[in-house]
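Asks: got a structure for you, letters missing:
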């Protein structure tokens, strides 16, 4: 059954610690994305990757970092430089960045204690 | 500056009646529009899309209408069912050759039995 797996579903970290959110897809999609959702807000693009070993900043990349070493995986690191990291994080993929239809994981809710 | 606006944060309708969700956009370069549906603690799922060469697209109970001159699109759900209760996100893409969607803030639809 193809899809996108985000883990964990809930994550708690102390202030000042870096934390990495996992995203894996078995849809054989080239493009992957990370979004952040805050209450009453739409989905805001953090980073995206068109292909392995390539990634681009989105609208709110400050305080975040990503890697794309494998086609299936696109982990997101929330660094201590991110001033307000508590949010719901969504990973998505699509056939390419020229395909407007994205498939989403079920998200990770990050809470900073 | 929001390029995709969903001005109604919430909408309440009776089961069996029509639900109309509205979306406005400011960027005339957008040429592909999508609606996603999201349940709590889950990722959004693609619902329906429309290209700017059309003014209507229908899929079962869901119809999207596009008015390019007004930069307005709407999603009609007929008849509405309690299982339709979710947050609906409007998204637009195609500006500058990029098909990475820009999302609105969402409208929470509640369908009462």
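Replies: Looks like it came in fine. Just so you know, these numbers come straight off a predicted model, no measurement behind them. Numbers count the residues shown, from 1 in each chain, chains lettered A, B, ... in the order given.
Asks: so what's residue A:95 closest to, chain neighbours aside?
Replies: Nearest in space to residue A:95, with sequence neighbours left out and distances taken as CB to CB, 6 or more residues apart in numbering or on different chains, is residue A:29 at 5.6 Å. C-betas here are computed from N, CA, C, even on glycine.
Asks: assign that neighbour to helix, strand or coil.
Replies: Classification of residue A:29 using DSSP: H, G, I helix; E, B strand; the rest coil returns coil.
Asks: from chain B, how far out is it?
Replies: Note on residue A:29: its distance to chain B, by CB to the nearest CB, to the nearest Å, is 13 Å.
Asks: which ones are touching that residue?
Replies: Counting by CB atoms under 8 Å, 6 or more residues apart in numbering or on different chains, residue A:29 touches A:93, A:94, A:95, A:96, A:103.
Asks: now, which of those residues lie within strands?
Replies: Judged by DSSP state E, strands contain the following of the contacts of residue A:29: A:93, A:94, A:103.
Asks: just grab the bridge partners of the first one for me.
Replies: Read that as residue A:93. Taking DSSP bridges as the rule, residue A:93 bridges to residue A:32, residue A:103.
Asks: repeat for residue B:88
Replies: In this entry, residue B:88 is beta-bridged to residue B:37, residue B:107, by DSSP bridges.
Asks: which residue, other than its chain neighbours, is closest to residue B:56?
Replies: residue B:65 (5.5 Å).
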